[in-house]
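Engineer: structure of the sequence below:
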Amino acid sequence: MTLDFSTIGSKIYRRQIFPGMVICLGMLCFFTSCSNTKYLPKGETLYIGSKIKYVSSDSSAKSQKAVLKDELKAIILPKPNMSILGLRIKLWFYNIAGRPTGKGLRYLIRNKLGEPPVYASSVNFEKNRNIMTNRLENRGYFKGMVNFDTTTKNKRTSAVFTAKPGLQYTIDTVNFPKDSSELSMAIRTTTRRSSLRTGRAYDLDLIKAERTRIDARLKQKGYFFFNENYLLLKVDSTVGSNKVNTYMVVKPETPPQAKYPYRIGDVIIYADYNLNSDTAFSKQKAVFYDSFYVVDPYKKFNPRMYRRNIRFHPGDLYNRNDHNLTLSRLVSLGVYKFVKARFEEVDTVKDRRLNAYYYLSPNNKYSAKAQVSALSKSNNSSGTDFTLSLKNRNAFRSAEQLSISGFLGLETQIAGQQNVGTTRYGGDLDLLIPRIIPHIGFGRNSDFVPKTRINLGYEYFRRTDQYTLNSFKSSFGWVWNTSIATEHQFNPIALNYVLPSSITTQFKKGLDTNITLARSIEKQFIIGSNYNYNYNSQAKPNNKRHNFYFNGNADFSGNILGLITGADVENGKEKKIFGTPFSQYLRGELDFRHYMAIGKPRRIRINQLVNRVIIGAGYGYGNSVTMPFIKQFFIGGTNSIRAYRARSLGPGIYYAGNLANDSLRNRYLPDQPGDVKIEINTELRFKIASIVRGAFFVDAGNIFTMRTDPARPGSKFSKDFFSQLAVGTGAGLRFDLNFLVLRIDAAFPIRKPYEDGGPKWVIDKVAFGDSQWRKENFVLNLAIGYPF
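Structural biologist: Sure thing, here's the model as predicted:
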């Protein structure tokens, strides 16, 4: 007999569970609300909030109804106790905990989970009414009125504020200073972009923004001592027809220094400053270089580095942009812990001048970091990694950062009756030079110093009873930022040479029949260029509801060599360099992410809906049939589709896990590469308690090949690619320690594109209680950091 549990479940839910839930919820609401009021002191009532009633017959006021109601409600203080579906849970926790004498469980419940009651006696309704009336006036509703009425029932007090804004006043004329003083003329030159326009609604925030804008423009014209508070906007509201005339004036008490522009006098740099440094400047103690005086008793820094990064020179008109640009560039050098600038007025006969003093406190020249980790993987392997890195922040006295790192890894895997081990070791040398070599003009006006990066690296990889790989890499390129959120990387030269050796006889047998396995250890010589563009709106902390991340990468190899040599491997014209065929391909990848905050701004970083889309494609041609193995796309793993183990999914409807009779697969399941990658992820992140975060997620995607692969049937990309996407889902916990995020994600597939002869969706086959199902489908991911 077959039972349709989905139908039975829905009937039970409708007939029994749903009504029961409604009754329970209603009882819970009743008892919690009653229990909260019984704890109130005699004569007190609980304040449960206020509402705004908006009354207006004016069309402009009606159009602003939603905005004004939100504004008025936001300024009512204090806020009532937090409520969820009418339940004041935090207040309930506070009350049931009583008055704990120590710091035990009751103390934790009262002070961490609970919140004290907000009494109606603590709410000054008249003061709130006055503040609301003032807010309406600031928005141009000069005749606005606000009244309030309170209601108390069952020891609960609420209020209704009735707002009658009336007509909003608009600007009729805008007048700026008209006298012939130097300051007034400078102000008049800034009016072209004024936000005060005839016909616009009067708004105090608009006026404040205009004062700030004028001050910023004057700072660009040398008015170092000027301040926006020296400006006053006078308003005449007697002109009639609900209009106002505005007059921007300079306050009479404005000090004389603020009325004139200043130029730069001497520029003095304390290159090795600390709190005990002697700051009494003497030209005899300084080195004069270019147009700067550099005080550096121990000659730690080459003075030429300041010429590229300090924008002020004697005689220059003071400019706030150049002021900020200099500070940003000095900080971005990475060699200074603290950077401070001070400007001092100097008496001169010809004009008004400022001496500029820069106090630069160096960071520690050397730093070292060691990391030891133990690992255990789902493929029955365990091992350890050791990494040691050393950094010199001022290698050649011009803030060059030289990093040297080395690593050693040992891993053992039990496969059948064999104990297979891997050994890997190697190192990297990375040199970051804070200028472009050779000299190119871009990046000079950026807040961030453009840098030249030179990298050399080597890795030795040995897998017992299989093979040895020696990998050499090198690159030369530039890194520069056009803003704090945007970074560019361009490597005109990127080399990678992989040399396999010591391939065992037993492993060679598998290579003869498995082209994917053979490709993973073939000789590879990559010589080309690559470019990477990155935009991250969260690079600067903000409270925006929507944030975005985008990364685009383009990688080219062997294209010029292939053109020169006439390489055509498909027609027997394979070309070699140092006895190794060079790789020729085009590759691109796009990664787009959207972070949407849920809830109040103060929780912007905690509750989020995050979405990611990755699209990548590459094509080998000329001297290559496919892209090199290390440049191909893979999918699955802790930061990808978490319902599948790392690099195990695809390509297409092919799945190596289905090859039950393949004895080689049972021992050596290779990574599955592809030429095309499509991945879509969505994740809901929320706070559970303290440092504990939770998440629900859905991952979808797959990889494909550009050409038909006989060893992996069904792997080629086609118009039916959408029906070949795998889908996985799951939940996770994250422990956010600020400096470190530990993540546990549990996932399982709900769509398997490789299922033979049956439906691809397998939601109905989910069986958490079945040990065999868990063994085949359930994947536990342990990782550090968020997946994206």
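Engineer: so residue 774 is in which element?
Structural biologist: Element membership for residue 774, per DSSP states H and E: helix 771-777.
Engineer: what do you get for residue 344?
Structural biologist: With DSSP H and E as criterion, residue 344 is part of strand 336-346.
Engineer: buried residues in stretch 67-76?
Structural biologist: 68-69, 71-72, 76 (16 or more other Cβ atoms under 10 Å). Where C-beta positions appear, they are placed from N, C-alpha and C, glycine not excepted.
Engineer: can you get me the start-to-end distance on stretch 428-448?
Structural biologist: From its first residue to its last, stretch 428-448 covers 25 Å (Cα to Cα, to the nearest Å).
Engineer: how distant is it from the center of its chain?
Structural biologist: With Cα atoms, centre = their mean, to the nearest Å as the basis, stretch 428-448 stands 24 Å off its chain's centre.
Engineer: which parts of it are buried?
Structural biologist: Under 16+ other Cβ under 10 Å, the buried positions of stretch 428-448 are 428, 430-436, 443, 446-448.
Engineer: least confident of those residues?
Structural biologist: Of all the buried residues of stretch 428-448, residue 443 carries the smallest pLDDT score, 63.
Engineer: for residue 546, which non-adjacent residue is spatially closest?
Structural biologist: Nearest-residue entry for residue 546: residue 596, 5.7 Å, with adjacent residues in sequence omitted and distances by Cβ to Cβ, 6 or more residues apart in numbering.
Engineer: who does that neighbour form a beta bridge with?
Structural biologist: residue 546, residue 609 (DSSP bridges).
Engineer: residues in contact with it?
Structural biologist: 545-546, 608-611 (Cβ atoms under 8 Å, 6 or more residues apart in numbering).
Engineer: distance check, it against residue 291.
Structural biologist: 50 Å (Cβ to Cβ, to the nearest Å).
Engineer: picking that back up, which members of the buried residues of stretch 67-76 are the farthest-apart pair?
Structural biologist: 68 and 76 (13.4 Å; Cβ to Cβ).
Engineer: ok, so of the buried residues of stretch 67-76, who is nearest residue 629?
Structural biologist: residue 71 (59.5 Å).
Engineer: mind checking what secondary structure that closest one has?
Structural biologist: Classification of residue 71 by DSSP: H, G, I helix; E, B strand; the rest coil places it in helix.
Engineer: now do it against residue 65, distance only.
Structural biologist: For residue 71, the distance to residue 65 - Cβ to Cβ - is 11 Å.
Engineer: next, the buried residues of stretch 215-222.
Structural biologist: Within stretch 215-222, judged by 16+ other Cβ under 10 Å, the buried ones are 215, 217-219, 221-222.
Engineer: let me fix that, I meant to ask about stretch 294-308.
Structural biologist: 294-296, 301-303, 305-306, 308.
Engineer: I'd assumed residue 747 was in a strand, is it?
Structural biologist: Yes - assessed by three-state DSSP, residue 747 belongs to a strand.
Engineer: pretty sure it sits against residue 728.
Structural biologist: Yes - in this structure, residue 747 is within contact of residue 728 by Cβ atoms under 8 Å, at 5.1 Å.
Engineer: between those two, what contacts are shared?
Structural biologist: 642-643, 699.
Engineer: looking at the chain, which helix or strand does the model trust least?
Structural biologist: helix 5-12 (a mean of 37; mean pLDDT, DSSP states H and E).
Engineer: centroid-nearest residue for this protein?
Structural biologist: residue 538 (3.9 Å; Cα atoms, centre = their mean).
Engineer: now it: closest residue in space, sequence neighbours ignored.
Structural biologist: Going by Cβ to Cβ, 6+ apart, residue 538 has residue 547 as its nearest residue, at 4.9 Å.
Engineer: end to end, how far does stretch 291-301 reach?
Structural biologist: With Cα to Cα applied, stretch 291-301 spans 16 Å between its terminal residues.
Engineer: give me the subset of the buried residues of stretch 215-222 lying in helices.
Structural biologist: The helices, defined by DSSP state H, take in 215, 217-219 from the buried residues of stretch 215-222.
Engineer: need the three-state assignment for residue 704.
Structural biologist: strand.
Engineer: that one against residue 714, yeah?
Structural biologist: No - at 9.5 Å, residue 704 does not count as touching residue 714 under the criterion of Cβ under 8 Å.
Engineer: return a ChimeraX selection command for the buried portion of the shared contacts of residue 747 and residue 728.
Structural biologist: Burial among these is assessed by 16+ other Cβ under 10 Å; the matching ChimeraX selection reads:
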select :642,643,699
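Engineer: looking at the shared contacts of residue 747 and residue 728, spot the one nearest residue 316.
Structural biologist: Checking the shared contacts of residue 747 and residue 728 against residue 316 by Cβ to Cβ gives residue 699 as the nearest, at 55.4 Å.
Engineer: who touches the nearest residue to that closest one once chain neighbours are set aside in this structure?
Structural biologist: Among residues not flanking residue 699 along the chain, residue 641 sits closest, at 4.2 Å (Cβ to Cβ, 6+ apart). The neighbours of residue 641, taking Cβ under 8 Å, 6+ apart as the test, are 635, 649, 679, 681, 699-701, 726, 728.
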